[in-house]
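S.K.: Give me coordinates for this.
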Amino acid sequence: MATKTAPAEHHHHTHNARAFVREVAAACDERGLRLTEIRNQVLELIAAAEKPVKAYDLLDQLKDDRSNAAPPTVYRALDFLLENGFIHKLQSINAYVGCHHPSVAHHVPFLICDACESATEICDEQVARLLSEQAKALGFRTRAQTLEVHGVCRKCGTA
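M.R.: Model prediction:
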């Protein structure tokens, strides 16, 4: 007998940037993490971006305020944000997006539009669970999970 599941939630990464940054700051306070000025600034840039953003684009934007900003500075901030689940890295396009649930550890698939470069987070743990179960059945121990599906979004498909 098939079980009925709730429909997946879909999130385009165009949420309220200020609220997102406040949520991350609160999560840092709760966990005893240090959200330094540079980490916060990188987070704000990612949150404000209309689409996934690349590290060197972040660096260029940082140089507007910090002329001495260098790649290691950006990558250290990105590493902190990734390690703590505040952002996601889209491996196939080497870009970053804010996480819609930064206070909850989770793995989610993304739909990436090859036309407009938008990224849609699919908040459905069932997909991650199924992948983990299949890996376990094959004797494979997972460390990380990234599922990215490329195609054309509805908006670009009808244009």
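S.K.: and Arg143, that's in a helix?
M.R.: No: checked against DSSP: H, G, I helix; E, B strand; the rest coil, Arg143 lies outside a helix; its state is coil.
S.K.: how deep is it tucked in, by neighbour count?
M.R.: Applying other C-beta atoms under 10 Å, we find 4 residues neighbouring Arg143. The C-beta positions use only the backbone N, C-alpha and C, and glycine is treated the same way.
S.K.: try Asp65
M.R.: 8.
S.K.: Could you report the pLDDT at it?
M.R.: On the pLDDT scale, Asp65 is placed at 86.
S.K.: how about it, phi and psi?
M.R.: Main-chain torsions, Asp65, degrees, to the nearest 10: phi -100, psi -30.
S.K.: tell me the contacts of the closest residue to Ala25 other than its chain neighbours?
M.R.: Sequence neighbours aside, Leu35 is the residue nearest to Ala25 in space, at 5.6 Å (criterion: C-beta to C-beta, 6 or more residues apart in numbering). Residues near Leu35 by C-beta atoms under 8 Å, 6 or more residues apart in numbering: Val24, Ala25, Cys28, Leu43.
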